[in-house]
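In: A predicted structure for the sequence below; I have some questions about it.
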Amino acid sequence: MDDLCIGTRYFTNMIDESIDPIKAIAKYHLEKPIYSTKIPSLERFNTLRKLIEKYDVDGVINIAQKFCEPILYDHPFMNKKFKEMGMPYLFIEIDYNRESYKQSSTRFEAFAEII
Amino acid sequence: MSNNAHVKSQMLKSTIKLKNEMGRHYLAIEQAYREGKPTAWATSGTPVELLYAMEVQPMLPENSATISAATKNSQKFIELAEDEGFSYDLCSYFKTNMGTTLSGTTDLGMGGIKKPTFMLSSDVICDTHVKWFQVQAERYNVPHFTIDVPHVVSNTSNRQIEYYKKYIQEQLWEFLDFVTEITGHKLEHDKARVVTENSYNLGKIWQEIFELRKTIPSPVSTKDTFGGLFPLFTMPGLKTPVKLYQRMYKEAKERVDNGIGALSNEKYRLMFEGIPFWHNLKYFNFLEQFGAIIVYEPYTYAFSKFMNPNITKEMLLDNPVKAMSEIMLSFWYIYDLKTRIQKFEETVRDWKIDGVILHDNLSCRPNACGLYDLKKHLMEDFDIPCLIITADMNDPRKLNTTQVRNRIESFIELLDRHKKR
């Protein structure tokens, strides 16, 4: 399961075809689960928690591209919340370079062992 | 190239009085807490005037962060925030603020902060302000109001702009209700008129000081403007900073009338784009030995607010909320690249600038974004020498003093050749 900005979120709800199309598109965008760019963080955490329960998730990986501030701002809060619910949580800050991928794969392996 | 290590620029005498103004601001905060008056954190770019008009004492964490940096405390706070899990790349103002929270520092003189009654943020000049205040509002458990300001880009039509104004205005009315609900205070029209008039006068006199800087030699250096900026953020709407700026203006005007420059051997006139290094403001002093002086900073000018000619004093007094919505839509920081290039070109011409130094601020994406395009256009289309330097506004770890100095020195040599051409 993912919480990518353009991922499963896209299909979370459908555009209502029975009403005015412009209104329906606006409604669709407003009712989608919030992105990390939006607030409050608790609302996003609650969405994640529901997904965790529904899909029987064993661990959460949060990948932040360097300079993606919304994710970086949320991380300490998410870390605390996942700890409280006893959910293994891995946070990785990556850059677009080869070393970064190699380092990340080592950390994924270690995380898989923890789970 | 002349090299005189003994030359020093002269600060205006009245700027020294700024310390009293800062003291006044801190006293007002202390008093508000003693008397149980409502207080609010506000991000810069928000209509702080409305807070003053509703008898709510504003506090600006960004400003407190600069105080931490100036008193050499910012690094300690930033590292505390990083220990909490906040990234090395996040805004250093935010991390300074978070660090003071974590350390429990309430000493205003070193950039400490106090828990407010509520928080007011906006994405007008920086979208991360909203996340910052949300993180803090959750920690302090206080209400948070945010004002969303759409950006005007090259294809924004007039119809859209009109709609944006209404959109912002609706939010401001909503905000006033929010304040009333929390504090019981209502917006009194008479009080709002006084406050907005003071704010208008403050901004206008600041702009007039900048007009004087067009003179060769410039009567005012960055020593006056980087420091003098403070009331524009924290005290717009009060009477005393207006008086201070009037004194600054008078003194600068006297210098102009007598042909006196802030720097006695002014040779190169520079523009500095971006936020200065608050942790090392004296850094720029070395420019003076080359006869170089910074005569314009878009950053310090931008906060004079009242640059949009559509916002008249009459409009402000007649409908302060409407005027505030117009102001929020005409901040320098929401301009697109095309307008920005045009503004820079005009400024370089009007202020007779020889070269532009652009600060690629490592922890301020909105500030750093587009700098390379801006530089390319200014150099290629208008033959304006430009230099990009990399550092950080509040994090001393990110400024390599020697490297940046070497680059600036080479830049001045280049300016010399450019001038002789």
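Out: Yes, it's here.
In: next, the contact list for the closest residue to residue B:143 other than its chain neighbours, please.
Out: Nearest non-adjacent residue to residue B:143, counting by Cβ to Cβ, 6 or more residues apart in numbering or on different chains: residue B:118, 4.5 Å away. Every residue, glycine included, has its C-beta placed from N, CA and C. Residue B:118 sits next to B:38, B:40-41, B:142-145, B:178-179, B:182 when contact means Cβ atoms under 8 Å, 6 or more residues apart in numbering or on different chains.
In: tell me which of the residues you listed fall in strands.
Out: Those of the contacts of residue B:118 mapping onto strands are B:40-41, B:144-145, per DSSP state E.
In: which stretches of the stretch 101-250 of chain B form strands?
Out: B:118-122, B:144-147 (DSSP state E, counting those that start in this stretch).
In: what is the lowest-mean-pLDDT helix or strand in chain A packed up against?
Out: Using mean pLDDT, DSSP states H and E, helix A:98-114 stands out as the lowest-scoring helix or strand of chain A, at a mean of 87. Helix A:98-114 sits against strand A:60-65, strand A:89-94, with contacts defined as 3 or more Cβ pairs under 8 Å, 6 or more residues apart in numbering or on different chains; DSSP states H and E.
In: dump it to CSV, restricted to CA.
Out: C-alpha atoms of helix A:98-114 as CSV (Å, rounded to 0.1, in the frame of the first residue of the first chain):
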residue,chain,number,x,y,z
ARG,A,98,23.9,6.3,-6.9
GLU,A,99,25.5,6.2,-3.4
SER,A,100,22.2,7.1,-2.0
TYR,A,101,20.4,4.2,-3.6
LYS,A,102,23.0,1.7,-2.4
GLN,A,103,22.8,3.0,1.2
SER,A,104,19.0,2.9,1.1
SER,A,105,18.9,-0.7,-0.1
THR,A,106,21.1,-1.7,2.8
ARG,A,107,18.7,0.0,5.2
PHE,A,108,15.7,-1.6,3.5
GLU,A,109,17.3,-5.0,4.1
ALA,A,110,17.9,-4.2,7.8
PHE,A,111,14.3,-3.0,8.1
ALA,A,112,13.0,-6.2,6.6
GLU,A,113,14.9,-8.2,9.1
ILE,A,114,13.5,-6.1,12.0
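In: residues in contact with it?
Out: Against helix A:98-114 from outside (Cβ under 8 Å, 6+ apart): A:59, A:61, A:63, A:88, A:90, A:92, A:94.
In: which two of these have the greatest separation?
Out: A:88 and A:94 (19.0 Å; Cβ to Cβ).
In: please name the nearest non-neighbouring residue to residue A:38.
Out: Nearest one to residue A:38, counting by Cβ to Cβ, 6+ apart, is residue A:44 at 7.7 Å.
In: that should have said residue B:47, apologies.
Out: Closest residue to residue B:47 apart from its sequence neighbours, by Cβ to Cβ, 6+ apart: residue B:324 at 4.3 Å.
In: ok so, going back, any chance of the strands of the stretch 101-250 of chain B in a markdown table, plus mean pLDDT?
Out: Output for these, formatted as a markdown table (pLDDT from 0 to 100):
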| stretch | mean pLDDT |
| --- | --- |
| strand B:118-122 | 98 |
| strand B:144-147 | 98 |
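In: sorry, back to before: please identify which of the helices and strands packed on helix A:98-114 is closest to chain B.
Out: Chain B lies closest to strand A:89-94 among the helices and strands packed on helix A:98-114, at 6.1 Å (Cβ to the nearest Cβ).
In: who are the packing partners of the closest one?
Out: Applying 3+ Cβ pairs under 8 Å, 6+ apart, one finds that strand A:89-94 contacts strand A:60-65, helix A:69-84, helix A:98-114.
In: got any ranges where the chain has weak pLDDT?
Out: Went with chain A since none was named. Residues of chain A meeting the criterion pLDDT under 70: none.
In: meant chain B, my bad for not saying
Out: Residues of chain B that meet the cut-off, pLDDT under 70, sit at B:1-7, B:333-334.
In: what parts of it come near chain A?
Out: Residues of chain B found near chain A (Cβ under 8 Å from any Cβ of the partner chain) are B:84-87, B:89-91, B:94, B:127-128, B:130-132, B:134-135, B:138, B:146, B:365.
In: so which of those residues belong to helices?
Out: B:94, B:128, B:130-132, B:134-135, B:138, B:365 (DSSP state H).
In: most proximal residue of the stretch 251-400 of chain B with respect to chain A?
Out: In the stretch 251-400 of chain B, the residue that lies nearest chain A is residue B:365 (6.2 Å; Cβ to the nearest Cβ).
In: so the spatially closest residue to that residue that is not a sequence neighbour versus residue B:84, what's the distance?
Out: In this structure, residue B:365 finds its nearest non-sequential neighbour in residue A:67, 6.2 Å apart by Cβ to Cβ, 6+ apart. Distance, residue A:67 to residue B:84, by Cβ to Cβ, to the nearest Å: 19 Å.
In: got a winner among the ones in strands among the contacts of residue B:118 for most neighbours?
Out: The residue in the ones in strands among the contacts of residue B:118 with the most neighbours, by other Cβ atoms under 10 Å in any protein chain shown, is residue B:41 (28 neighbours).
In: ok, that residue - contacts?
Out: So residue B:41 contacts B:58-61, B:113, B:116, B:118-120, B:133, B:136 (Cβ under 8 Å, 6+ apart).
In: from these, which single one is nearest chain A?
Out: residue B:133 (8.6 Å).
In: just give me the neighbour total for that closest one.
Out: Using other Cβ under 10 Å: residue B:133 sits among 26 other residues.
In: what is the biggest helix by length in chain B packed up against?
Out: Counting by DSSP H, the longest helix found in chain B is helix B:158-183. Where contact means 3+ Cβ pairs under 8 Å, 6+ apart, helix B:158-183 is packed against helix B:48-53, strand B:118-122, strand B:144-147, helix B:320-328.
In: and for the last one, what's in contact with it?
Out: Residues outside helix B:320-328 that contact it (Cβ under 8 Å, 6+ apart): B:45, B:47, B:49-50, B:53, B:122, B:124, B:147, B:149, B:165, B:168-169, B:172-173, B:176, B:192-193, B:195-196, B:305-306, B:308, B:310-311, B:315-316.
In: would you show me how to pick out the buried ones of these in PyMOL?
Out: For the buried members of the contacts of helix B:320-328, the matching PyMOL selection, counting by 16 or more other Cβ atoms under 10 Å in any protein chain shown, is:
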select buried, chain B and resi 45+47+49+50+53+122+124+147+149+165+168+169+172+176+192+195+196+305+306+311+316
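In: returning to that earlier point: next up, the contacts around the residue nearest to residue A:38.
Out: Counted by Cβ under 8 Å, 6+ apart, residue A:44 has contacts A:3, A:33-36, A:38, A:74.
In: so it is in which element?
Out: helix A:41-54 (DSSP states H and E).
In: what comes up buried for that helix?
Out: Neighbour counts over helix A:41-54 (16+ other Cβ under 10 Å) mark A:41, A:44-45, A:47-48, A:51-52 as buried.
In: with stretch B:387-406 instead?
Out: B:387-396, B:398-399, B:404.
In: and stretch B:142-155, by the same measure?
Out: B:142, B:144-147, B:149-150, B:152.
In: tell me where the stretch 301-421 of chain B has strands.
Out: Counting by DSSP E, counting those that start in this stretch, the strands of the stretch 301-421 of chain B are B:355-361, B:386-391.
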